[in-house]
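Visitor: Curious how this folds, go ahead:
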Amino acid sequence: MDVSDLRKNAKLEIDGQPYVVVEFQFVKPGKGQGLYKCKIKNMITGAVLDRTWRSGEKLEAANVESRKMQFLYSSGEAFTFMDMGTYEQVELVADIVGDDKNYLLDNLECDILFYNDRPVGLSMPSHVVMEVTEAEPGVKGDTATGVTKNAWVSTGYQIAVPLFIKVGEKVKIDTRTGAYVERVNE
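Guide: Numbering: from 1, shown residues only. You can find the predicted model right below:
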């Protein structure tokens, strides 16, 4: 892979480790070769590095693939997913799943990233719909705009919601920020 092929989300291998390009910038100084300045994230450890390459340098593409899998269950520090086509099951450790555990509902479809056939990452859908299982009461007369209260969803995750949300209602949550988006009427 040539350095000119670098783009955001490109996967590459450096020193036997898979990395994904998080930020990408091409800089052309007044004289000399162009430079490719990137922030790259290690797909296994999560460490972020700044790297710069000159035009014409060669890089090694990482052997990374993404498979759509369904979340089955969690037990202790392990999260089990199943390939819908082959029924093969894989376990991800809590370090890989991270805060995404707050949004893992039974049968939720996610993309699992594999590096050399080893699961190394999880890519969640951008939004999930969850049921509110517990909510603080709204304070009467507290109707200023933007006022929120705490609520808990079926996974135990706590979220700030508007005062009109009640127990049993479904809410859409942005998995990138963990924030309430809207009430869902089904």
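
Visitor: What backbone torsions are found at the residue located most distally from the centre of the chain?
Guide: Most distant from the centre of the chain: residue 31, at 40.0 Å, with distances by Cα atoms, centre = their mean. Main-chain torsions, residue 31, degrees, to the nearest 10: phi -120, psi 160.

Visitor: quick one, what contacts it?
Guide: Shown here is residue 31, which makes no contacts under the criterion Cβ atoms under 8 Å, 6 or more residues apart in numbering. Yep, even glycine has a C-beta here, placed from its N, CA and C like the rest.

Visitor: mind checking how far it is from residue 171?
Guide: According to Cβ to Cβ, to the nearest Å, residue 31 stands 56 Å off from residue 171.

Visitor: So the residue nearest to residue 155 when sequence neighbours are not counted, which state does it fall into?
Guide: Nearest non-adjacent residue to residue 155, counting by Cβ to Cβ, 6 or more residues apart in numbering: residue 102, 5.7 Å away. Reduced to three states with DSSP: H, G, I helix; E, B strand; the rest coil, the structure at residue 102 is helix.

Visitor: Please report the number of neighbouring residues for residue 102.
Guide: Neighbourhood size, residue 102 [other Cβ atoms under 10 Å]: 19.

Visitor: got it, and the one 10 residues further on?
Guide: Other residues near residue 112 come to 21 when the count uses other Cβ under 10 Å.

Visitor: Three-state assignment for it, please.
Guide: Secondary structure of residue 112, per three-state DSSP, is strand.

Visitor: give me phi/psi at the residue lying closest to it once chain neighbours are set aside?
Guide: Excluding its sequence neighbours, the residue lying closest to residue 112 (Cβ to Cβ, 6+ apart) is residue 69, at 4.8 Å. Note on residue 69: backbone dihedrals following degrees, to the nearest 10 are phi -140, psi 160.

Visitor: any low-confidence regions in this protein?
Guide: 139-145, 186 (pLDDT under 70).

Visitor: what about the helices in it?
Guide: Here the chain has its helices, by DSSP state H, at 94-97.

Visitor: got the domain boundaries for it?
Guide: According to automatic domain parsing, the chain comprises the domains 3-61, 64-123, 127-184.

Visitor: can I assume residue 152 is in contact with residue 131?
Guide: No. At 10.1 Å, residue 152 does not count as touching residue 131 under the criterion of Cβ atoms under 8 Å.

Visitor: And these two? Which one has more around it.
Guide: For residue 152 versus residue 131, the count of surrounding residues by other Cβ under 10 Å is larger for residue 152: 17 against 14.

Visitor: how near is that one to residue 130?
Guide: In terms of Cβ to Cβ, residue 152 sits 10 Å off from residue 130.

Visitor: cool, residue 124 as well?
Guide: 13 Å.
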